[in-house]
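[1] Show me how the following folds:
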Amino acid sequence: MTEKELRKKAMALPLQPGVYIMKDKSKKIIYIGKAKKLKNRVSSYFGSHSGHSLKVIRMVQNVDDFDYILVDTEFEALVLECSLIKQHMPKYNILLKDDKGYNYIKITKGDFPRISECKRIDNDGAEYIGPYISGYSVKQAAQEVLRIFKLPRCSKSFPRDYGKSRPCLNGFMGICCAPCAGKISQEEFKKTTEDAVAFLKGGSKAAVREMTQRMNELSEELRFEEAAALRDRIRSVKNLEERQKVVSINVPEEDVFALVCGKKKACFEVIRFKNGKLSDTEYWLIDSQDDPASARLELIERYYSIRNDIPSRIAVDGDIEDEELLRELLEKQRGKKTEFIHPQKGEHLSILNMCIKNANEHLAQSEGRLGREFAALEELASLLGLPKPPEYIESYDISHTFGADNVAGMVVFHNGRPMRSAYKRFAVKGFDGQNDVGSMNEVLRRRFEHYKNDDESSTFKILPDLILLDGGQPQVNAVLPVIRDMRLSVPVFGMVKDSKHRTRAIAYGGGEIEINSHRAAFTLVSRIQEEVHRFAVSYHHKKHAKSTFSSGLLKIEGIGEKKAKALLRHFKTVSKIKETSVEELCECPLIGEKDARNIYNFYHNL
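    Next up is the predicted model:
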């Protein structure tokens, strides 16, 4: 069907709740959605695409037909939509791949047993503890037990390598018992491993109780060195418990969700708590989302379709479309009450911020950025009301000396880092006097004329996500008409300085946005302002020096830049050149008799 025919079919739908099923030419299902009013929702896809995201536009381009199923309530539509998506896995729905297998802790056999994490059971005679669903908790447990009981983490094989080398750094630091250097006997190693396995199986309380009893017995037998080793081990276990309390909450169970969107990708992060302690963490990289509230609904529903253990409390970093419907669905699935919270303060906000930070880091790594840079861009976007973190930022500054030699510098920050290959310099042509506002208008107009007219290889063809001008509201007001005249949509803000020439605020809409309390955004904007100022001033100094230079030697007939430089190399200063005779001037390389006489006559007014 054509899009016109699809719209005609959609306009005939009833204003009732239901599920719609989009299909391509091969009748394959490519998208499934729900609607409170089918007619309104489905017809919105066909016709004008001005409000649609790129993903929706691509989906609609592939739609050849659609089916629908009427239901009585919007909740029934949500339940049916979830069931159908799980069954058909349509291409354009948000899907979370469940690639999580079971995890085990492996203890090898032999005189020197080793403890490690693994994802499968092999027929090798080793002992396996598990299975566990959480790979995070298994990895943490294996690492902590090796550290507490000072067991080796290297690839050496014992008894083959026993006592045959010096200890590695871990051995020197006292965090490994160093069997490679023969510092522990086979019997002691085996007993220590047995204690570690007992700790893994019985938990810290049982292990501490058993080790304390043995420590007291050794003390009574005057075996103080062995008792001291057990004392240190008990202290390590208790220190572990204290560290775990740092990442804990005062509720038995809770899941924390964060959705961080970049320009091309988004990261959906989950942190899970069991028995008040962090038990697992997962993340998925998906296409960037234009509607975070709608995306959170889909993502959380998809998550619990592959993870059945729904907690009593779910913390989320933003709004959820149809939150009550989703809560009702999860309660039905769980068989008990559950609630959504949107933390604003206290420990829950701290945990949510940790989840957001992790999502930032994963997204930054996927896009070749550092987590702190992406966090700064996201904070700046939130502060300025931008829909997404700005990937491409342009900044401008004007520089001159009392209105002379007006120039502008343009710097570019890509993903929070300077993109020096895209820096540009402008010599202001429309003004001779001091007019920063007029200069800024001219420079931005010329910049966007390049955007309209240059070929695709030019960096001017990249449209910025944000423009920051060095200056306040007057500079912003000078540039906004240019943006409107060019029919572009680029946010423009000014960077306001204090009396000490440091970034103080951001100007927009006749007011100022204070940024000092937003540390990441403040640091980024300050860095941009310092860089654009440096770049503009360095260009101005160069142009001013050339201007000064040209006001003297370059005004002499027959003297160009090459001969002027030769004169300065030979005579060192302009004053010396002024005092030199025609004969002496001829001794300078490149200077003939005619040039020498022109120079002499110029400085002696002949």
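
[2] May I ask you to name the longest helix in this structure?
    Using DSSP state H, we find that the single longest helix of the chain is helix 186-220.

[3] Can you point out the buried residues in that helix?
    Buried residues in helix 186-220, counted by 16 or more other C-beta atoms under 10 Å: 189, 192-193, 195-197, 199-200, 204, 207-208, 211, 215, 218. For every residue, glycine as well, the C-beta is placed using N, CA and C.

[4] Could you work out the most separated pair of those?
    Greatest spacing in the buried residues of helix 186-220, by C-beta to C-beta: 200 and 218 (23.0 Å).

[5] Any idea how many residues pack against the residue lying closest to residue 118 once chain neighbours are set aside?
    Nearest non-adjacent residue to residue 118, counting by C-beta to C-beta, 6 or more residues apart in numbering: residue 106, 4.8 Å away. Close neighbours of residue 106, defined as other C-beta atoms under 10 Å, add up to 21.

[6] residues contacting residue 106?
    Neighbouring residues of residue 106 by C-beta atoms under 8 Å, 6 or more residues apart in numbering: 115-118, 126-128.

[7] In strands, which of those residues fall?
    Here DSSP state E is the test, and those give 115-118, 127-128 as lying in strands.

[8] Among the residues you listed, which one lies nearest to residue 292?
    Relative to residue 292, the closest of those is residue 117; by C-beta to C-beta it sits at 34.9 Å.

[9] wait, what's in contact with the closest one?
    So residue 117 contacts 103-106, 135, 138-139, 142 (C-beta under 8 Å, 6+ apart).

[10] who's the residue nearest to residue 118 bridged to?
    Counting by DSSP bridges, residue 106 is bridged to residue 116, residue 128.

[11] on that earlier part again, most neighbours, which of the contacts of residue 106?
    residue 115 (22 neighbours).

[12] does it really touch residue 194, like I thought?
    No - assessed by C-beta atoms under 8 Å, residue 115 is found out of contact with residue 194, at 10.9 Å.

[13] Of the contacts of residue 106, just say which sits nearest to residue 279.
    Closest to residue 279, out of all of the contacts of residue 106 and judged by C-beta to C-beta, is residue 117, at 15.4 Å.

[14] Could you say which helix or strand holds residue 504?
    Secondary structure from DSSP states H and E places residue 504 in strand 503-508.

[15] coming back round to it: which of the buried residues of helix 186-220 scores worst on pLDDT?
    The member of the buried residues of helix 186-220 with the lowest pLDDT is residue 204, at 59.

[16] In a helix, residue 39, correct?
    Yes - counting by DSSP: H, G, I helix; E, B strand; the rest coil, residue 39 is found in a helix.

[17] do you know how far it is from residue 16?
    8 Å (C-beta to C-beta, to the nearest Å).

[18] Could you do residue 299 as well?
    Applying C-beta to C-beta to residue 299 and residue 16 gives a distance of 27 Å.

[19] The two: which has the busier surroundings?
    residue 299 (23 against 17).

[20] That one - nearest residue in space that isn't next to it in sequence?
    residue 268 (5.1 Å).

[21] Now name the helix or strand holding the one you found.
    Assigned by DSSP H and E, residue 268 falls within strand 265-274.

[22] Dump that strand to CSV, keeping only the CA atoms.
    Output of strand 265-274 as CSV, limited to C-alpha atoms (Å, rounded to 0.1, in the frame of the first residue of the first chain):
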residue,chain,number,x,y,z
LYS,A,265,23.3,5.7,21.0
ALA,A,266,21.7,5.3,24.4
CYS,A,267,22.7,3.2,27.4
PHE,A,268,20.1,1.5,29.5
GLU,A,269,21.7,0.6,32.9
VAL,A,270,20.3,-1.6,35.8
ILE,A,271,21.7,-1.9,39.3
ARG,A,272,20.1,-4.6,41.5
PHE,A,273,20.0,-4.9,45.2
LYS,A,274,19.3,-8.1,47.2
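
[23] That one pairs with which strands?
    strand 253-261 (antiparallel), strand 277-287 (antiparallel).

[24] Going along the chain, name the helices of the stretch 451-600 of the chain.
    Remark: helices assigned in the stretch 451-600 of the chain by DSSP state H, counting those that start in this stretch are 473-485, 519-550, 561-571, 574-578, 582-586, 593-603.

[25] what's the longest one packed up against?
    Helices and strands touching helix 519-550, as assessed by 3 or more C-beta pairs under 8 Å, 6 or more residues apart in numbering; DSSP states H and E, comprise helix 371-384, strand 392-401, strand 404-414, strand 424-427, strand 466-470, strand 492-497, strand 503-508.

[26] possible to save these as TSV with distance to residue 230 and mean pLDDT?
    Listed next are those as TSV, based on distance: least, C-beta to C-beta, whole Å; pLDDT from 0 to 100:
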stretch	distance to residue 230	mean pLDDT
helix 371-384	40	84
strand 392-401	58	87
strand 404-414	56	86
strand 424-427	69	90
strand 466-470	60	92
strand 492-497	61	89
strand 503-508	57	83
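
[27] Residue 79: which of those is closest?
    That would be, of these and by C-beta to C-beta, helix 371-384, which comes in at 34.2 Å.

[28] Buried residues, that closest one. List them.
    Applying 16+ other C-beta under 10 Å to helix 371-384 flags 371-381, 383-384 as buried.

[29] Quick one: residues contacting residue 305.
    Residue 305 neighbours (C-beta under 8 Å, 6+ apart): 82, 86.

[30] which stretch of helix or strand covers it?
    helix 292-306.

[31] Just want the angle from that helix to strand 253-261.
    Here the directions of helix 292-306 and strand 253-261 differ by 130 degrees (axes from the mean of the first three to the mean of the last three C-alpha atoms, to 10 degrees).

[32] quick one: contacts of the strand or helix carrying residue 172?
    Per DSSP H and E, residue 172 falls inside helix 169-173. The contact list for helix 169-173 (C-beta under 8 Å, 6+ apart) reads 152-154, 176-178, 180-181, 183.

[33] Mind checking which of those are buried?
    Buried among the contacts of helix 169-173 (16+ other C-beta under 10 Å): 152-153, 176-178, 180-181.
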